[in-house]
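A.B. asks: need a 3D model of the sequence below.
(one chain, ligands or ions: 2)
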Amino acid sequence: MTTAEKFVPGLEGVIAAETAISFLDTEQEKIIIKGRNLIELSQTKDYLDVVHLLIEGQLPSHTEKAILEAALKENYDVPSTVIEVLKLLPKQTHPMDGQRTGISVLAGFDNQIDDRSLEANKNRAYQLMGQLPNITVNSFRILNGQDEMVPNKDLSYSANFLYMITGKVPTELEAAIFDRSLLLYSEHEMPNSTFTARVIASTQSDIYGALTGAVASLKGNLHGGANEAVMYMLKEASSVEEFEKVIYKRLEQKEKIMGFGHRVYMKKTDPRALIMKESLKQLCEIDGDTSLLEMCEAGEKILEKEKGLYPNLDYYAAPVYYKLGIPIPLYTPIFFSARTVGLCAHVIEQHDHNRLFRPRVNYIGESY
Ligand SMILES: CC(=O)SCCNC(=O)CCNC(=O)[C@H](O)C(C)(C)COP(=O)(O)OP(=O)(O)OC[C@H]1O[C@@H](n2cnc3c(N)ncnc32)[C@H](O)[C@@H]1OP(=O)(O)O
Ligand SMILES: O=C([O-])CC(=O)C(=O)O
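C.D. replies: Ligands and ions are numbered 1, 2, ... in the order given. Coordinates of the predicted model:
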């Protein structure tokens with residue numbers, strides 16, 4: 001086989017790593033995380049259970065979960081330099097770029113940065129998970145000229161994150177719905193951002209660098225940025241009829257409809273989207289306003305009919321976040337914050353079983 005025959009644009013279907021972390025079993029419609037189905041976990045477990053599963057390899061006992069939560073809370077604070085640096089950024093900076101900058105600054109505070117042992121990496125993973133909600137929310141607030149928000153350690157991890165975002169203590173249902181979104185976003189095999197993180201880690205670079213690169217990857221509209229793009233699209237309409245027009249116009253202009261399609265699920269619904277849709281229904285029942293749900297369902301029908309495409313998680317995460325009162329520029333940073341655990345698991349695995357990523361090219365330049 002020649003090099004030219006082997007080239008697959010976008011590396012579609014190419015096996016890039018061996019991993020014991022996760023696998024999208026599309027035949028059985030399962031998202032496998034350390035041998036368990038994420039969709040089933042979303043019905044009975046919460047985000048911290050999955051965090052423990054991803055980093056420690058098993059679901060936590062009651063005591064282990066309490067220890068984990070305490071460890072994350074101990075790490076809620078960030079060095080004041082992070083806040084000072086965020087204050088220096090131009091106000092037009094996207095919160096994703098603020099988040100990327102904040103993570104990057106953290107590297108300088110790690111006294112053992114060259115220690116890539118399992119123990120050191122796990123500690124960093126818990127440190128980063130503790131700090132990410134703070135960096136995420138305060139990037140946004142500082143860039144909007146608002147005061148810094150202080151974490152509330154009396155609340156659960158997810159409830160505190162939502163509290164920091166909205167400034168009000170969430171109800172039990174709001175906190176549970178937000179927690180479920182974090183769980184669904186926590187890990188997803190080998191998306192572009194995870195590949196990016198593993199490529200960086202494979203040079204024996206550190207976890208901060210790997211995550212910084214992953215934020216940049218996740219920001220793009222074809223990946224995590226889609227959840228914000230979905231909400232801006234929904235906001236262009238105020239009725240089902242108007243939303244249908246918005247979608248048809250985009251299709252006529254050969255534009256992609258954000259929140260639809262997926263490299264791995266291709267012509268099937270992302271199973272996570274179905275769970276988020278249930279959450280949207282719950283929120284609609286509470287406020288009695290089903291307009292966003294109806295618009296989303298109308299969009300689903302058009303995309304199925306016209307393109308044979310189905311929604312991904314971002315399509316339903318967007319209206320759920322909107323109903324939870326979350327500012328739109330925070331949607332993608334929240335996705336990244338939730339994904340930090342999955343990324344850390346991959347960086348740890350890469351460091352533990354490393355071989356440098358260094359592929360070849362199919363040269364199509366001038367003859368020589
Ligand atoms: C949680 C997540 O990160 S999930 C991904 C979130 N991203 C989005 O929702 C962005 C919108 N979706 C897309 O751009 C794509 O479906 C991706 C990037 C997710 C997957 O892309 P790929 O596997 O590379 O498929 P590709 O972009 O080549 O699309 C294949 C065909 O389907 C069409 N298509 C794919 N997605 C869409 C879409 N959302 N809207 C309209 N057409 C689409 C393409 O135009 C292309 O058509 P063609 O063969 O006639 O040219
Ligand atoms: O798997 C992908 O390519 C993108 C995605 O859905 C995710 O990262 O959650």
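A.B. asks: okay, now the unreliable bits of this protein?
C.D. replies: 1-5 (pLDDT under 70).
A.B. asks: quick one, domains of it?
C.D. replies: By the assignment in automatic domain parsing, the chain contains the domains 30-222+330-352, 226-323.
A.B. asks: quick one: the first one near ligand 1?
C.D. replies: Yes - judged by CB under 6 Å from any ligand atom, domain 30-222+330-352 and ligand 1 are in contact via residue 222. From N, CA and C alone the C-beta is placed, and that goes for glycine too.
A.B. asks: is ligand 2 contacted by that domain?
C.D. replies: Yes - contact of domain 30-222+330-352 with ligand 2 (CB under 6 Å from any ligand atom) involves 188, 191.
A.B. asks: quick one: name the residues of the stretch 201-350 of the chain near ligand 2.
C.D. replies: Close to ligand 2, as judged by CB under 6 Å from any ligand atom, the stretch 201-350 of the chain has residues 223, 262-264, 312-313.
A.B. asks: which of those lies closest to residue 200?
C.D. replies: residue 223 (16.1 Å; CB to CB).
A.B. asks: ok, now which ones touch the closest one?
C.D. replies: 191-193, 217 (CB atoms under 8 Å, 6 or more residues apart in numbering).
A.B. asks: which one of the domains of the chain lies closest to residue 17?
C.D. replies: domain 30-222+330-352 (6.3 Å).
A.B. asks: span of that closest one from start to end?
C.D. replies: Taking CA to CA, to the nearest Å, domain 30-222+330-352 runs 27 Å from one end to the other.
A.B. asks: and stretch 22-35, by the same measure?
C.D. replies: 8 Å.
A.B. asks: run the chain-centre distance for that stretch.
C.D. replies: 18 Å (CA atoms, centre = their mean, to the nearest Å).
A.B. asks: quick one, phi psi at residue 32?
C.D. replies: phi -90, psi 120 (degrees, to the nearest 10).
A.B. asks: state the distance from it to ligand 2.
C.D. replies: 13 Å (CB to the nearest ligand atom, to the nearest Å).
A.B. asks: could you look up the SS state of the residue nearest to that residue when sequence neighbours are not counted?
C.D. replies: Residue nearest to residue 32 in three dimensions, not counting chain neighbours: residue 23, with 4.4 Å by CB to CB, 6 or more residues apart in numbering. Recorded secondary structure, residue 23: strand (DSSP: H, G, I helix; E, B strand; the rest coil).
A.B. asks: on that earlier part again, turn the domains of the chain into JSON lines, including mean neighbour count and distance to residue 365.
C.D. replies: Shown next, in JSON lines, are those (neighbours: other CB atoms under 10 Å; distance: least, CB to CB, whole Å):
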{"stretch": "domain 30-222+330-352", "mean neighbour count": "20", "distance to residue 365": "23"}
{"stretch": "domain 226-323", "mean neighbour count": "18", "distance to residue 365": "28"}
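A.B. asks: quick check: the residue nearest to residue 6 when sequence neighbours are not counted vs residue 325, distance?
C.D. replies: Spatially, and ignoring its direct neighbours in sequence, residue 6 is nearest to residue 362 (8.0 Å; CB to CB, 6+ apart). Residue 362 sits 49 Å away from residue 325, going by CB to CB, to the nearest Å.
A.B. asks: can I get the domains of the chain in a markdown table with distance to residue 8?
C.D. replies: As requested, the domains of the chain are exported to a markdown table (distance: least, CB to CB, whole Å):
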| stretch | distance to residue 8 |
| --- | --- |
| domain 30-222+330-352 | 14 |
| domain 226-323 | 12 |
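A.B. asks: contacting residues around the residue of the stretch 1-150 of the chain found nearest ligand 1?
C.D. replies: Nearest residue of the stretch 1-150 of the chain to ligand 1 (CB to the nearest ligand atom) works out as residue 10 at 5.3 Å. Shown in contact with residue 10 (CB under 8 Å, 6+ apart): residue 263.
A.B. asks: secondary structure class for it?
C.D. replies: Applying three-state DSSP: residue 10 is helix.
A.B. asks: from residue 222, how far off is it?
C.D. replies: For residue 10, the distance to residue 222 - CB to CB - is 10 Å.
A.B. asks: check residue 78 too.
C.D. replies: 30 Å.
A.B. asks: centre of the chain to the helix or strand harbouring residue 195, how far?
C.D. replies: Element membership for residue 195 (DSSP states H and E) is helix 192-201. Between the centre of helix 192-201 and the centre of its chain there are 14 Å (CA atoms, centre = their mean).
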